[in-house]
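Chemist: Sequence plus the predicted model coming up.
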Amino acid sequence: MLDVINLTKHYKQQKAVQGISLHLDRGEIVGLLGPNGAGKSTAIAMISSLIQPTGGDVRFEGENAVKQPQNLRKKLGVVPQEIALYEDLTAKENLYFFGRIQKLRGALLDQRVKEVLNQIGLSDQGKKVVKNFSGGMKRRLNIGAALLHEPEILIMDEPTVGIDPQSRNYILETVKRLNQEKGMTILYTSHYMEEVEFLCDRIYIMDRGNVIASGTKEEIKNILSSEKTIMVRTERRNESFIAALKQLPVIAKLDDQDQVISMVVPKEVQLFSHVFKLADETGAVVHGIEVQTPTLEDVFLHLTGRALRN
Amino acid sequence: MVWSLLLKELKLFLRNPQELLVLLLMPLVLITILGFALGSFFNSDTPPITGKAAIVQYGNEEEEMDRFMKALGESGVPEPAIQQMESHIIQLLPGRMLREKIFGNEELSKVITLEEITPSDLDEAKEKGKYSAIIEIPDGFTEKLLHSLFIAKQEIPDLIVYENEELDYSSSFVSDVVEQFKGQYSLLAALGKEGIVSGDKGLPTVEVKGTVETVTKRDPIDAFSYYAVGMSVMFVLFLAGNIGANSFVERQQHVYDRIRLANVPAYVYLLGVFLSGFVLACLQLGVLYGGAALLYDVHFSNITLFLLITVLLSAVVGGIGVLLTVINNRLGNDSASKLYGSAGVAILAFFGGSFTTVGESLQVIGNLTPNGAAMKAYLQVMSGAELADISPFLITLLIELVIILAGSSLISIQRAVRT
């Protein structure tokens, strides 16, 4: 349905996107995962025809969408990371405006506004001015504005940034529902592993302008099939302990955040005795230790040597 | 599509109290303050007047008098009577009276200095506006006036006073003096005639006709009217800055991306910006002039011309809004609208004369500014001017609109080519 071929974007002093390729099949949810600054938003802006790529191609239903974006735009809904709404207008006024610019008129427009308000759970908030909305409500309306013309493809750029868990869950459920009930094809970008794991059938992992891994969740996790993650929780951060652990040759990757140290090691390695021994030697107090099955976060750590939220 | 953009802009405007405050309330407050504070300077009975008037006489008064004396002889008046009349008539020559008796008066000459200019200098003098008023004595005026007074009534050409409306108080003072003179002159002449003409002809009645005109046009402007216009044309310019800034915010907040993704062409969006600016400017001017009319009885004698100026000025404001939008877009920031709002409007207001009249060289520049041209046109309409009188200002506004829109298109096209 949508093919992105070797897409690049170079600014004067920065290579934001360096030749990424991906494709979306009809009816699937594809995740684009990567930390802030990975180039996801730039990639999405190029795919959506909002910025011109330096090189590469975007093909929608076989048509060059870089040179002729009109057809893609007709069938595309984009949920930007920013709240792209008029804050001094009410929710309904926003939806009516965005509906009108999508050439919806009369009874159809009324019906779509009603349906969308229902879809995003704001039916009883339509007459409220957007600036008085909570962050979560704004995010939901931000999604709603992209749904009015019933797009076939929905591109969502980090739609849950900065909102409470309840609103986030609502949005994730909405996205899932749109895909299952309406058959909408969705490209979902996020730096939250759990969201991508929950929603997506296939995943592309981006870092520093490149796609560094892609496949289904299982395929990606299989990258770590020969490894496991061991999480050690200490009483307080102990630099000597961390330094000593880093010296162990069996540890493939190590990441430390406050009192939690996560280590990727070969599956067959028994690390516990080493951990307690080094804790004794360095005076670190271990509060807990557990072995985790690999997550996408572990995959990212494995691939880049950095935690996703860094 | 354009209607949706316009409707949205209207709603946003009406829901922004700061914008309403700056664009509607502040000018009304300033009209009130300036109107009361400077009202006395606009009032013609204010004492501290100094000014310079000019007199231009077509033809030669002595020659006209000679021709009259000859006609008097031919009408059958006896020679001794003619000789007796001559010494009186010399004293009654209107040009001479104005120069020597009226403006030569010791007290009046302290206030108004009268200079004589040649007919060939008249147009330049009117254009440059260096005189408070110009008194024009037409060719044959003296002869025909004397003929009407002493022989038989006939059509007398108008004695014209051109007032310089920008020097309102001194110019209206001069015209008042001339009006007084005309009245007194008729009386004097009639009395003089009574002692001379004998028989049953009776005392002739004569009307010395005259018109008082401003250099550009007529009725004097009071302070409230002046500042209602000055403030309105200045504050409507701020609207263009706000339109440009709002469009930039639309881009910054990615709302414009939604508009682009809906396949709305850039020119349609810019047309929406233009129409929003135009309609809002019309409304703003309507509210300001409406307020000034209700509060201070500021009114325009010709509503059609008032609307014509308002429409053209509003279109220019819409055009500036578009220009600022495309420049902001080109620069990738809102510095153009910020600079315009902070310095641009102040400079335009200064040259345009929103706060006070400027010198004649600056006035030339001022008349080229949209607010200056509109202000001149509005003031002239207030004074009773006709379309022909204000057409240079309307043409200026029209040319500016075309230039601004052409410039905006050029910048837009260049950007489209670059991306």
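Modeler: Done, it's in.
Chemist: Contact residues of chain B facing chain A?
Modeler: B:1, B:4-5, B:7-8, B:11-12, B:15-16, B:253-255, B:257-264, B:419 (Cβ under 8 Å from any Cβ of the partner chain). (C-beta placed from N, C-alpha, C; glycine too.)
Chemist: Chain neighbours aside, what residue packs nearest to residue B:9?
Modeler: Leaving aside its chain neighbours, residue B:9 sits nearest to residue B:276 (3.7 Å; criterion: Cβ to Cβ, 6 or more residues apart in numbering or on different chains).
Chemist: give me the number of residues near the one you found?
Modeler: Residues near residue B:276, counting by other Cβ atoms under 10 Å in any protein chain shown, number 26.
Chemist: so who does the spatially most central residue of chain A touch?
Modeler: In chain A, the residue lying closest to the centroid (Cα atoms, centre = their mean) is residue A:190, at 1.5 Å. Counting by Cβ atoms under 8 Å, 6 or more residues apart in numbering or on different chains, residue A:190 touches A:31-33, A:158, A:160, A:196.
Chemist: Quick check: phi and psi on it?
Modeler: Main-chain torsions, residue A:190, degrees, to the nearest 10: phi -160, psi 160.
Chemist: what bridges to it?
Modeler: residue A:33 (DSSP bridges).
Chemist: follow-up on the earlier one: pipe the contacts of residue A:190 into JSON lines and attach neighbour count and pLDDT per row.
Modeler: Formatted as JSON lines, the contacts of residue A:190 follow (neighbours: other Cβ atoms under 10 Å in any protein chain shown; pLDDT from 0 to 100):
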{"residue": "A:31", "neighbour count": "27", "pLDDT": "93"}
{"residue": "A:32", "neighbour count": "30", "pLDDT": "92"}
{"residue": "A:33", "neighbour count": "30", "pLDDT": "87"}
{"residue": "A:158", "neighbour count": "22", "pLDDT": "90"}
{"residue": "A:160", "neighbour count": "22", "pLDDT": "89"}
{"residue": "A:196", "neighbour count": "23", "pLDDT": "87"}
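Chemist: Closest one of these to chain B?
Modeler: The shortest approach to chain B among those belongs to residue A:158, at 12.7 Å (Cβ to the nearest Cβ).
Chemist: Helix or strand for the nearest residue to the closest one once chain neighbours are set aside, just tell me which one.
Modeler: If the residues on either side of it in the chain are set aside, residue A:158 comes closest to residue A:81, at 4.6 Å by Cβ to Cβ, 6+ apart. Counting by DSSP states H and E, no helix or strand carries residue A:81.
Chemist: who are the neighbours in contact with residue A:81?
Modeler: Here residue A:81 is in contact with A:41, A:157-159, A:161 (criterion: Cβ under 8 Å, 6+ apart).
Chemist: Could you identify which of the residues you listed has the most neighbours?
Modeler: Neighbour-wise, these (other Cβ under 10 Å) top out at residue A:159, 24 neighbours.
Chemist: my guess is that one is in a strand, correct?
Modeler: No. Under the criterion used here (DSSP: H, G, I helix; E, B strand; the rest coil), residue A:159 is coil, not part of a strand.
Chemist: List the contacts of residue A:55.
Modeler: A:6-8, A:19.
Chemist: and it, bridged to which residues?
Modeler: Bridge pairing for residue A:55 - DSSP bridges - gives residue A:8.
Chemist: How about stretch B:87-107, which residues are buried there?
Modeler: Buried residues in stretch B:87-107, counting neighbours by 16 or more other Cβ atoms under 10 Å in any protein chain shown, are found at B:89, B:92-99, B:102-103.
Chemist: Chain A: which of the residues you listed is nearest?
Modeler: Distance to chain A across the buried residues of stretch B:87-107 (Cβ to the nearest Cβ) is lowest for residue B:103, with 63.2 Å.
Chemist: Show the contacting residues for that closest one.
Modeler: So residue B:103 contacts B:53, B:55, B:109, B:112-114, B:177 (Cβ under 8 Å, 6+ apart).
Chemist: mind redoing it with 6 Å?
Modeler: Contact analysis of residue B:103 by Cβ atoms under 6 Å, 6 or more residues apart in numbering or on different chains lists residue B:114.
Chemist: so where do the strands sit in chain B?
Modeler: For chain B, applying DSSP state E gives strands covering B:51-57, B:112-117, B:133-137, B:159-163, B:210-214.
Chemist: and those strands, which one's lowest on average pLDDT?
Modeler: Note on these: lowest mean pLDDT is at strand B:210-214, with a mean of 46.
Chemist: Residue A:228: neighbour count?
Modeler: 19.
Chemist: coming back round to it: now the buried members of the residues of chain B next to chain A.
Modeler: By neighbour count, with 16+ other Cβ under 10 Å, the residues of chain B next to chain A hold B:1, B:4-5, B:7-8, B:11-12, B:15, B:253-255, B:257-264 as buried.
Chemist: Which of those fall in helices?
Modeler: The helices, defined by DSSP state H, take in B:4-5, B:7-8, B:11-12, B:255, B:257-261 from those.
Chemist: ok, of those residues, which one's closest to residue A:258?
Modeler: residue B:257 (38.2 Å; Cβ to Cβ).
Chemist: And that closest one, how close does it get to residue A:50?
Modeler: Noted for residue B:257: a distance of 5 Å to residue A:50, by Cβ to Cβ, to the nearest Å.
Chemist: now do residue B:393
Modeler: 44 Å.
Chemist: Of the two, give the one with the bigger neighbour count.
Modeler: For residue B:393 versus residue A:50, neighbours defined as other Cβ under 10 Å are more numerous around residue B:393 (26 against 19).
Chemist: does that one really touch residue B:377, like I thought?
Modeler: Yes. Contact criterion Cβ atoms under 6 Å: residue B:393 and residue B:377 qualify, at 3.9 Å.
Chemist: how close does residue A:114 sit to residue A:149?
Modeler: To residue A:149, residue A:114 is 15 Å away according to Cβ to Cβ.
Chemist: Neighbour count: those two, which is higher?
Modeler: residue A:149 (20 against 14).
Chemist: Tell me the secondary structure at that one.
Modeler: Residue A:149 - assigned by three-state DSSP - is coil.
Chemist: Can you tell me the closest non-neighbouring residue to it?
Modeler: residue A:102 (4.1 Å).
Chemist: give the contact list for the one you found.
Modeler: By Cβ under 6 Å, 6+ apart, the contact list for residue A:102 reads A:148-149, B:262.
Chemist: And the pLDDT for it?
Modeler: At residue A:102, pLDDT is 93.
Chemist: quick one: average pLDDT of the lengthiest helix in chain A?
Modeler: Ordering each helix of chain A by length in residues (DSSP H) puts helix A:165-182 first. Taken as a whole, helix A:165-182 has an average pLDDT of 90.
Chemist: where does that helix sit relative to the chain's centre, distance-wise?
Modeler: In terms of Cα atoms, centre = their mean, to the nearest Å, the centre of helix A:165-182 is found 14 Å from the chain centre.
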